[in-house]
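S.K.: Got a sequence here, can you model it:
(one chain, ligands or ions: 2)
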Amino acid sequence: MDIYLHESQSLIDVDEHRFKVVAAGRRFGKSFYAAYKLYEQASYTEKVRSDGSIIDLAQEVVYYVGPTFKQARENLWSVMMDIGHRAGIIDSVRQNEGEIRLTNGRIIRFKGADDPDSLRGVGLSFVVMDEYAFMKPAVWEYIIRPALGRAEGGALFIGTPDGKNHFYQMWSAAMEGKDPSTEQPSKDWVAFQFRSKDNPHLTENEMESMYASLSEDARKQELEANFEATGGKVFNYAMFPVVAGGSSAGGNYVIGVDLAGFESVDGARKAKHVLDDHAIAIVRVHDRGYHVERVIHGQWDVRRTVLEIMQAYRHYRPVAVGIEQGMAKNAVEAFLKEYQERYGLWFEIIPLRHNNNRKEDRIKWALQGRADQGKITLEPDSDLDPEDKWVGKFLGQAVDFPNPLAHDDLLDAVAYTIDQLGGEGASASADDFAVFDEWTPLDLESGY
Ligand SMILES: Nc1ncnc2c1ncn2[C@@H]1O[C@H](COP(=O)(O)OP(=O)(O)OP(=O)(O)O)[C@@H](O)[C@H]1O
Ligand SMILES: [Mg+2]
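M.R.: Residues are numbered from 1 along each chain as shown. Ligands and ions are numbered 1, 2, ... in the order given. Predicted structure coming up:
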């Protein structure tokens, strides 16, 4: 084969550990190295095991696993064809099956980690798991690793980080010389980390255009293989500074309510097992942006929900109160009228509309631009009781967004409030800033 590894790829290659975990930036040459490795490993026809016994590898396969079969083929098929044909080592190929048979009889097979059953049933002498951050981790432990047993085969895990997920867990365990599955010390594991620019074949042009297309945070992840960055995500911690009093005094309060639904829940919510909270966002709209004073949240029944809204109203005297439109709003409103009458606290409810936009888009459009410009601040919650604390929850939801398995109830309440009520508060001048009465909580038990 007339291909040469670049210096950083060689560093990985000369290392003698059985399992290698490589975090590398985009365009580092991960796939190129994977291709080299597949052909190298498939070029052997026998193997000397650790006890000195020699086994024939004719029945053992070499796997190239991608997140899906389609992705595996897109990543590497043409590269494999190119290298293999040039080197004259390909006997035959079955493109639809993702199979390459070499002139020595050995087989390289492309696979997708999303289809575990397709991975079973063969002995393996080597496996490459490319873009490991985007694969289901169970596949390694339960299917691939046992299949490497007879041949004492090795594995190369390679990919660009995607936050602190299973790839990070594996990489950091290997970094400490531990087996990621057991967290016990092991001689088999090693970890590497390389930047995109460690690939000498990348042109200045290519590097520059990649650089320009990424946010600062994404650069750390995508180009420097940094696990700390939140990369391709929509929000990061720095976008929501926690500042007592916010960046400006004055303005007006608005209150938006996102109800978890006393009604049926959709499929995604059911899958979470833990129910969403109702969330009441209290936001002060001032001349420089939005200060989130507090997000009151909990899994309440209708009556309790109404009391929480009344209490928030009495405390903050908002210029506008909105509730997410829907069945739950109707249920709340019936009670609300009753309580308003009882306490003589009248206010109108503005329906907050989703306008048929996907929740993901709504949240992103409402918050990303404003937060990016430093317009959204959070009030510290250090004085609140532990169960009332919301800042950590809110920030956690923000950095997890848009993971469909994570909650976003607090985030959604704030998004609704800023987006649909933000104008209400801003329209009044700072002089109108409501000075509210000394706050006496309503008694939630008796309703007084
Ligand atoms: N050792 C090498 N010799 C020559 N060219 C190389 C070498 N390693 C990588 N390259 C070239 O660098 C470029 C990036 O390589 P490759 O596609 O393997 O990177 P990657 O890390 O898998 O990228 P991506 O993050 O896009 O998946 C390709 O054009 C590839 O041909
Ligand atoms: Mg690649």
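S.K.: Domain map for this protein?
M.R.: Taking automatic domain parsing as the criterion, the chain consists of the domains 7-223, 237-437.
S.K.: Dump those domains into JSON lines; add mean pLDDT as well.
M.R.: JSON lines is the format used below for those (pLDDT from 0 to 100):
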{"stretch": "domain 7-223", "mean pLDDT": "94"}
{"stretch": "domain 237-437", "mean pLDDT": "85"}
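S.K.: between those domains, which gets nearest to ligand 1?
M.R.: Proximity to ligand 1 (Cβ to the nearest ligand atom) singles out domain 7-223 among the domains of the chain, at 3.0 Å. Any C-beta I mention is one placed from the backbone N, CA and C, and that applies to glycine too.
S.K.: need the residues of the stretch 51-200 of the chain near ligand 1, please.
M.R.: Applying Cβ under 6 Å from any ligand atom, one finds that the stretch 51-200 of the chain approaches ligand 1 through 160, 199.
S.K.: what are the ranges of the helices in the stretch 51-200 of the chain?
M.R.: 69-87, 138-139, 145-147, 166-175 (DSSP state H, counting those that start in this stretch).
S.K.: Most tightly packed of those?
M.R.: Ranked by mean neighbour count under mean count of other Cβ atoms under 10 Å, the helices of the stretch 51-200 of the chain are led by helix 166-175, which reaches a mean of 20.
S.K.: Indicate whether whichever strand or helix holds Leu223 makes contact with ligand 1.
M.R.: Assigned by DSSP states H and E, Leu223 falls within helix 216-224. No: on the criterion Cβ under 6 Å from any ligand atom, helix 216-224 is out of touch with ligand 1, staying 8.2 Å away.
S.K.: and after that helix, which helix or strand comes next?
M.R.: Downstream of helix 216-224, the next assigned helix or strand under DSSP H and E is strand 252-258.
S.K.: what lines up beside that next one in the sheet?
M.R.: Sheet pairing of strand 252-258 (DSSP bridges) gives strand 278-286 (antiparallel), strand 320-324 (parallel).
S.K.: and of these, who's closest to Gly422?
M.R.: Closest to Gly422 of the strands paired with strand 252-258 is strand 278-286 (Cβ to Cβ; 5.4 Å).
S.K.: Make TSV from the domains of the chain and add distance to ligand 2 to it.
M.R.: Below are these laid out as TSV (distance: least, Cβ to the ion, whole Å):
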stretch	distance to ligand 2
domain 7-223	3
domain 237-437	23
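S.K.: CSV please, covering those domains and showing distance to Ala229.
M.R.: Converted to CSV, the domains of the chain look like this (distance: least, Cβ to Cβ, whole Å):
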stretch, distance to Ala229
domain 7-223, 4
domain 237-437, 11
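S.K.: buried residues in stretch 6-13?
M.R.: 6, 8-9, 12 (16 or more other Cβ atoms under 10 Å).
S.K.: now swap in stretch 304-321 and tell me
M.R.: Using 16+ other Cβ under 10 Å as the burial criterion, the residues of stretch 304-321 that qualify are 305-321.
S.K.: contacting residues for the closest residue to Ser50 other than its chain neighbours?
M.R.: Closest residue in space to Ser50, ignoring its immediate chain neighbours: Glu152 at 6.2 Å, by Cβ to Cβ, 6 or more residues apart in numbering. Applying Cβ atoms under 8 Å, 6 or more residues apart in numbering, we find Glu152 in contact with 18, 47, 49-50.
S.K.: List only buried entries from the residues you listed.
M.R.: Buried among the contacts of Glu152 (16+ other Cβ under 10 Å): Lys47.
S.K.: Narrow the buried residues of stretch 304-321 to those in helices?
M.R.: 305-316 (DSSP state H).
S.K.: in what helix or strand does Leu38 lie?
M.R.: helix 30-42.
S.K.: That helix close to ligand 1?
M.R.: Yes: using Cβ under 6 Å from any ligand atom, we find that helix 30-42 touches ligand 1 at 30-32.
S.K.: Could I get the contacting residues of the nearest residue to Gly154 once chain neighbours are set aside?
M.R.: Excluding its sequence neighbours, the residue lying closest to Gly154 (Cβ to Cβ, 6+ apart) is Arg18, at 4.7 Å. Arg18 makes contact with 152, 154-155, 188-189, according to Cβ under 8 Å, 6+ apart.
S.K.: which strands and helices sit next to the helix holding Leu38?
M.R.: helix 7-14, strand 60-66, helix 69-87, strand 107-112, strand 123-130, strand 154-159 (3 or more Cβ pairs under 8 Å, 6 or more residues apart in numbering; DSSP states H and E).
S.K.: relative to helix 69-87, how tilted is it?
M.R.: If you take axes from the mean of the first three to the mean of the last three Cα atoms, to 10 degrees, helix 30-42 sits at 60 degrees to helix 69-87.
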